[in-house]
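Q: Curious how this folds, go ahead:
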Amino acid sequence: MRRARAAHGLGVLLAALGAEAAEPPACPPEAPAYKFLRFDESYTYLKRPECPVDDFDAIKFRSLGIGDARISFGADFRVRMETGQDLRYYAAPPDTRNDVLQRYHAHVDLRIDESLRFFGELKVAETAGRPVPIPTDVDGLDVHQAFVEWKGGGTQARLGRQEFVFGSGRRLFPRIGPNVRGSYDAARVTQQVGAWTLDLLAFKPVSIDPGSFDDVSVDGQRFWVVHGTGPAPLFGLRTDLYYIGLERDGARYVQGVADERRHSIGARLFGRRGAWDHDHEVTLQTGTFGNGDVRAWAAEGEVGYTLLDMATRPRVSVRYNAGSGDRDPADPNLETFYAMFPRGGITTEVFGFSPANVLHLRLALEQRVTPRLGIVVSADGVWRTSVRDGLYGAGGNVMIVGPASRSRYVGWDVDTTVNWRLSRQVVLGFSAGYFRNGTFSREAGLSERQWFFAPVISIQL
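A: Sure, this is the predicted structure:
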């Protein structure tokens, strides 16, 4: 009797929230691929018994028997081995031998109806083989994401710990290369305005603390964002326009350490015309650093050409990056660009430079050998913009101070990445890279060469 009354009460609540059993969408031609942002997945189609399923779809759609309420479960596992020498340009100990990095994520997606949901995700990150793990290697059982989301009309509001991706991922993207994946404590509102999507966002990054359930917001960092995406007025392309404000206590550059308040205004033009694809972005920054002013800039982009008449659709591309560096460490004004939370380094994941104080050119060939096997081979050249500033990692950390050297030439590298999708759930891959250090790198104390090899297995459920 009590159970019946509880079910009735929940049914009344769901009805009050507008929960109705909606008609499920049509069956997809095949089971869809898992997405990078797992909360973007929807399995309502599994309500239709004739839809294609695999052995794990039983956990992807479980009706709660009240209105349209349902629950979905999933997981992400990654095991990666790293071996390399003199890895000063990568987030790892300089000499790494068969270190094994493991991360495990599990999530639950509870949807009351099409307007209200809760998404939660737990994580664990471990390492074996490293005598002294670096900060991004290890995290005990902790909350990776936990947010409530509401949708109504053209509005979506999301509050809590979450991941997000904006635009190209050059400015706002979750940390994915290191073993501990990144997330943010944020409030976000998304609004459709005609053909435009407008986002308002305020957030703090989440710390990495090695214990269990101890990751908290980084109080010394505060960000606020306005981001819009819509059609560009030329060539049938699209555009991103954005403003990102930030405050960081004790920000560190080659020039020194001080409190920072920075404002970034950016524009991106992207899209495809026939066999050509374009992605070009410019960001201007102003603000204050200690007692000085911030004046910085970056121009980044990529142009690719895909041979559409070939079954394997090979793509050749050129990527460029240019970011300002500080011209005088003794001057209180700061010209070093800050990329915030980029997808990764401007070259590859292996040798991860920030665009700060860098001129970079990359040539690449992508080849789809089979529908499930892809290879990317690339070559990069890296120079400093200013000989008075150093080099920075993808996360903005100072990698090499370097003002004693007057050389711009950092070096060149060749990288290969292979991904082989064995099934919907399992991907095998590896990254390998060779970096030949230039005059600046050798004068900073690095050996003649760096190399890196990392096989990885990724599983999604």
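Q: need the next SSE after the strand ranked longest in the chain, C-terminal direction.
A: Assignment by DSSP state E gives strand 256-273 as the longest strand of the chain. Following strand 256-273 in sequence order, the next helix or strand is strand 276-289 (DSSP states H and E).
Q: mind checking how far that next one is from the chain centre?
A: Taking the mean of its C-alpha atoms, strand 276-289 sits 17 Å from the chain's own mean (C-alpha atoms, centre = their mean, to the nearest Å).
Q: tell me the angle of it relative to strand 256-273?
A: 160 degrees (axes from the mean of the first three to the mean of the last three C-alpha atoms, to 10 degrees).
Q: State the next helix or strand along the chain beyond strand 276-289.
A: For strand 276-289, the following helix or strand on the C-terminal side (DSSP H and E) is strand 292-306.
Q: Report all helices and strands that that following strand contacts.
A: The contact analysis (3 or more C-beta pairs under 8 Å, 6 or more residues apart in numbering; DSSP states H and E) places strand 292-306 against strand 276-289, strand 315-323. C-beta coordinates here come from the backbone N, C-alpha and C atoms, glycine included.
Q: residues of the last one that come out buried?
A: Yep, that's strand 315-323 we're talking about. Arg315, Ser317, Arg319, Asn321, Ala322, Gly323 (16 or more other C-beta atoms under 10 Å).
Q: Check the first one too.
A: For strand 276-289, burial by neighbour count (16+ other C-beta under 10 Å) applies to Asp277, Asp279, His280, Glu281, Thr283, Leu284, Gln285, Gly287, Thr288, Phe289.
Q: Counting neighbours, what do you get for the residue lying closest to the second one once chain neighbours are set aside?
A: When you say that, I think you mean Asp279. Leaving aside its sequence neighbours, Asp279 sits nearest to Phe270 (C-beta to C-beta, 6 or more residues apart in numbering; 4.4 Å). Neighbour count of Phe270, defined by other C-beta atoms under 10 Å: 19.
Q: now do the one 4 residues further on
A: Using other C-beta under 10 Å, the number of residues around Gly274 comes to 8.
Q: got a pLDDT number for it?
A: On pLDDT, Gly274 comes in at 90.
Q: can you check Val418 too?
A: We have a pLDDT of 96 for Val418.
Q: going forward can the numbers begin at 24, since that is how I track them
A: Okay, residue one is now 24; in that scheme the one you just asked about reads as Val441.
Q: Go ahead and list the helix or strand containing it.
A: For Val441, the host element (DSSP H and E) is strand 432-444.
Q: Could you do Gln214 as well?
A: strand 207-216.
Q: could you pull out the strands for the stretch 374-484 of the chain?
A: Using DSSP state E, counting those that start in this stretch, the strands of the stretch 374-484 of the chain run over 381-393, 396-407, 414-415, 421-423, 432-444, 449-460, 472-483.
Q: least reliable of those going by mean pLDDT?
A: strand 421-423 (a mean of 90).
Q: Counting by contacts, list what that one packs against.
A: With contacts taken as 3+ C-beta pairs under 8 Å, 6+ apart, strand 421-423 sits against strand 414-415.
Q: Show the backbone phi and psi for the nearest residue to Leu124 once chain neighbours are set aside.
A: Using C-beta to C-beta, 6+ apart and skipping residues adjacent in sequence, the residue nearest Leu124 is Asn202, 4.2 Å away. Here is the backbone geometry of Asn202 (degrees, to the nearest 10): phi -70, psi -40.
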